[in-house]
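>>> Test case, fold it:
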Amino acid sequence: MQLAKQTKIAMVIALLLSIASLIFYITQNEAELAPVTVQDKKERFRSLIVPAVNNVYANLMKQYVEIKEIIDAGQSNDEIEKLKVEYKATTNSDLLMALKPHPRSIAIAQAAMESSWATSRFFREANNIFGVWSFDENEPRIAALQKRSGKTIWLKKYRTVEEAVYDYYRTLARSSAFAEFRQTKVITNDPFILVTKLDRYSEKGHLYGKELTAIIKFNKFNEYDKN
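Numbering: from 1, shown residues only. Predicted structure coming up:
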């Protein structure tokens, strides 16, 4: 009788443990398989990208203001001459066009588009938020999974997101492909005008600016340009 009672208790305990294990398994798998909402993805993107863009923009604007004051005073120094070499500027006007940072809303919108809201492999493995290619085999970089015309495409690898943002601003500030973009940002800070001058950033051509406009408007990224 006692043995039968003990056996029954053991069976009940085993059943309860099985139920508990099943509940734990289901709960864990539901947590792992729970889809990430669009809102969650965008909030994660903002937390990763916006602070980096803000920091880089502030530093570049500070540099621009300091250099402009020196040039407006009719002076020059070694730093200005070095910056001219770095930014491929032949005149003071060209240098100021290069140094003036464009609106943060554009940088954030491009980051969202080029990295699929910070979910792309290039971002996850290389902090490459803007899809910047690499043509230097001696710099840190990663290969794209797909080739083009049988050739491997390489993208730059950055130590931090902030480093990637700085290099992106530098690329737009010195590449001949964006000369019209630089000329336009001297006379306006309107992101919706400026994005129309970024056709050569993407194979999408003129559609690229339209898509950036839609992203900025829908997500109200232009609010970042007000402070």
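>>> Could you use CA atoms for every contact and neighbour count after this?
Noted.
>>> what mean pLDDT does the longest helix that the chain contains have?
If you go by DSSP state H, the chain has its longest helix at helix 38-72. In this model, helix 38-72 carries a mean pLDDT of 96.
>>> now the next helix or strand after that helix: mean pLDDT?
Going down the chain from helix 38-72, the next helix or strand is helix 78-86, by DSSP states H and E. Averaging pLDDT along helix 78-86 yields 97.
>>> Which parts of this structure are helices?
Assigned by DSSP H, the chain shows helices spanning 2-33, 38-72, 78-86, 92-99, 104-114, 121-126, 161-174, 179-187, 191-194, 206-219.
>>> Tell me which residues touch the closest residue in space to Ala126 that isn't next to it in sequence, please.
Nearest residue to Ala126, sequence neighbours excluded (Cα to Cα, 6 or more residues apart in numbering): Lys157, at 4.4 Å. Contact partners of Lys157, counting by Cα atoms under 8 Å, 6 or more residues apart in numbering, are 125-128, 140-142.
>>> try 6 Å
For Lys157, the contacting residues are 126, 140-141, by Cα atoms under 6 Å, 6 or more residues apart in numbering.
>>> Could you dump those into a markdown table with distance to Lys41 and pLDDT added?
Below are the contacts of Lys157 laid out as a markdown table (distance: Cα to Cα, whole Å; pLDDT from 0 to 100):
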| residue | distance to Lys41 | pLDDT |
| --- | --- | --- |
| Ala126 | 19 | 97 |
| Pro140 | 28 | 94 |
| Arg141 | 26 | 94 |
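>>> Quick one: buried ones out of these?
In these, burial by neighbour count holds for 126, 141, counting by 16 or more other Cα atoms under 10 Å.
>>> and the residue lying closest to Lys84 once chain neighbours are set aside, how many neighbours does it have?
Of all residues not flanking Lys84 in the chain, Leu95 sits nearest, at 6.0 Å (Cα to Cα, 6+ apart). By the criterion of other Cα atoms under 10 Å, Leu95 has 24 neighbours.
>>> Relative to Tyr64, how far out is Leu95?
In this structure, Leu95 and Tyr64 are 9 Å apart, going by Cα to Cα, to the nearest Å.
>>> cool, Glu137 as well?
For Glu137, the distance to Tyr64 equals 32 Å [Cα to Cα].
>>> out of these two, which sits in the busier spot?
Per other Cα under 10 Å, whichever of Glu137 and Tyr64 has more neighbours is Tyr64, with 18 against 9.
>>> can you tell me which residues contact that one?
Contacts for Tyr64 (Cα under 6 Å, 6+ apart) come out as 99-100.
>>> at 7 Å instead, please
96, 99-100 (Cα atoms under 7 Å, 6 or more residues apart in numbering).
>>> likewise Ser202?
Here Ser202 is in contact with Tyr208 (Cα under 7 Å, 6+ apart).
>>> how near is it to Ser47?
26 Å.
>>> And Ile108, by the same measure?
Applying Cα to Cα, the value for Ile108 to Ser47 is 11 Å.
>>> which one of the two has more residues nearby?
Higher neighbour count among Ile108 and Ser47: Ile108, with 28 against 10, using other Cα under 10 Å.
>>> who touches that one in this structure?
Val50.
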